[in-house]
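Q: what shape does this take:
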Amino acid sequence: MRLHGHSTPAALAFAAGSLAACGGSGTPSECRAQVSEPIYGGTIDAGARDLAAAAGGAIVEVETSGGALLCTGTLLSPGRVLTAAHCKLGEQMLVRVPLEGWQARSQRLVVHPQLDAMLVEFDGTGHGSSRLPLSTTVVTGGWIGKPVHMAGFGRTETGDRGELRFVEESVVNVQPNEIWVDGKGVSGACDGDSGGPLLWLDDAGSPSVIGVLSEGSSGCLGLDVYTPTSALTQWLSKRANEETCGAPP
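A: Got it, this is the predicted structure:
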């Protein structure tokens, strides 16, 4: 998607360098978002305001400690945000929830040992109750052609960033630990969208997260690759147990 977001000079310069490094080929394997990815062609509600109402408060900005937008993340529970590991810049980050008007500094950054996923942990006291459930469903080839929703705060076709946008695309390929979607030259992820959720709506229209944005095309209007949440279940459970038992981060 192209999504609207903050456009501070430092953030835009970093994003421009990341996109230039992709070489313009447009293939996901050659264009891992170094800082973030945008959602071009997105809307404020993906054509359904119920989705924004149900999910918006749990989709957050992940920023540098100085407040420059890097990526998008998903609030799993008070004090825990899931985003992409390649969004890690420094040892402390800022979580901001524009729709609920609060922000918090990270206490720990916990990176997945193999996959492009990271938990940003912070003091969740008094920081709202919005959250999105993670799907444990294994996405297989049978999902090809199914509609899904991308979400993020990244750069839009107007060059702005920092406003949550949604866009509907279809699953076009499934690989081990990868879900591919394609904007077909109309929409896609861009700077600021990396780490954002791929949402699946059940028959009742309730959203859950099936993927975390990892890679995208250099032009923001092509193929985007998500890490399936089903591949993160054991890691997340282990981390939750470590927190409960008081193990070191």
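Q: sheet partners, orientation included, of the helix or strand hosting Cys71?
A: Assigned by DSSP states H and E, Cys71 falls within strand 69-77. Partners of strand 69-77 in the sheet, by DSSP bridges, are strand 59-64 (antiparallel), strand 80-83 (antiparallel).
Q: which residues does Asp224 bridge with?
A: Applying DSSP bridges to Asp224, the residues it is bridged with are Val181, Gly216.
Q: test my guess that Gly211 contacts Asn177.
A: No: assessed by Cβ atoms under 8 Å, Gly211 is found out of contact with Asn177, at 10.2 Å. Backbone N, C-alpha and C define where each C-beta goes, glycine included.
Q: re the thing from before, so which of the strands paired with strand 69-77 comes closest to Asp123?
A: Nearest to Asp123, of all those, is strand 80-83, at 11.0 Å by Cβ to Cβ.
Q: need the contact partners of the next helix or strand along the chain from the closest one.
A: Toward the C-terminus, strand 80-83 is succeeded by strand 93-97 as the next helix or strand (DSSP H and E). By Cβ atoms under 8 Å, 6 or more residues apart in numbering, the residues outside strand 93-97 that reach it are 57, 60-65, 67, 70, 73, 75, 81, 87, 102-106, 109, 120, 122, 127-128, 130.
Q: at 10 Å instead, please
A: 6, 56-71, 73, 75, 79-81, 83, 87, 102-106, 109, 118, 120-122, 124, 127-128, 130, 153, 162 (Cβ atoms under 10 Å, 6 or more residues apart in numbering).
Q: need the nearest residue in space to Phe122, chain neighbours excluded.
A: Nearest residue to Phe122, sequence neighbours excluded (Cβ to Cβ, 6 or more residues apart in numbering): Ala104, at 4.3 Å.
Q: give me the sheet partners of the strand or helix carrying the one you found and which way each runs.
A: Element membership for Ala104 (DSSP H and E) is strand 102-111. Strand 102-111 pairs in its sheet with strand 93-97 (antiparallel), strand 118-122 (antiparallel), by DSSP bridges.
Q: what's the closest of those strands to Gly183?
A: Of all the strands paired with strand 102-111, strand 118-122 sits nearest to Gly183, with 24.9 Å by Cβ to Cβ.
Q: quick one: average confidence on the closest one?
A: The pLDDT scores in strand 118-122 average 95.
Q: likewise for stretch 126-146?
A: On average, stretch 126-146 scores 88.
Q: okay, that stretch in CSV with CA atoms only?
A: Taking Å, rounded to 0.1, in the frame of the first residue of the first chain, the C-alpha atoms of stretch 126-146 are listed here in CSV:
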residue,chain,number,x,y,z
GLY,A,126,-2.3,2.3,31.0
HIS,A,127,-1.6,1.9,27.3
GLY,A,128,-5.0,0.8,26.0
SER,A,129,-6.5,-2.6,25.5
SER,A,130,-6.7,-2.9,21.7
ARG,A,131,-5.1,-5.9,20.2
LEU,A,132,-5.3,-8.2,17.2
PRO,A,133,-5.3,-12.0,17.4
LEU,A,134,-2.7,-14.0,15.6
SER,A,135,-3.9,-16.8,13.3
THR,A,136,-2.3,-20.2,13.8
THR,A,137,-3.7,-21.4,10.5
VAL,A,138,-1.0,-22.7,8.2
VAL,A,139,-1.4,-20.9,4.8
THR,A,140,-1.0,-23.4,2.0
GLY,A,141,-1.4,-23.3,-1.8
GLY,A,142,-5.1,-23.5,-1.3
TRP,A,143,-5.0,-19.9,-0.3
ILE,A,144,-3.9,-18.7,-3.7
GLY,A,145,-6.5,-16.3,-5.0
LYS,A,146,-8.0,-15.5,-1.6
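Q: in that stretch, what's buried?
A: By neighbour count on 16 or more other Cβ atoms under 10 Å, the buried set for stretch 126-146 is His127, Ser130, Arg131, Leu132, Leu134, Ser135, Val139, Trp143.
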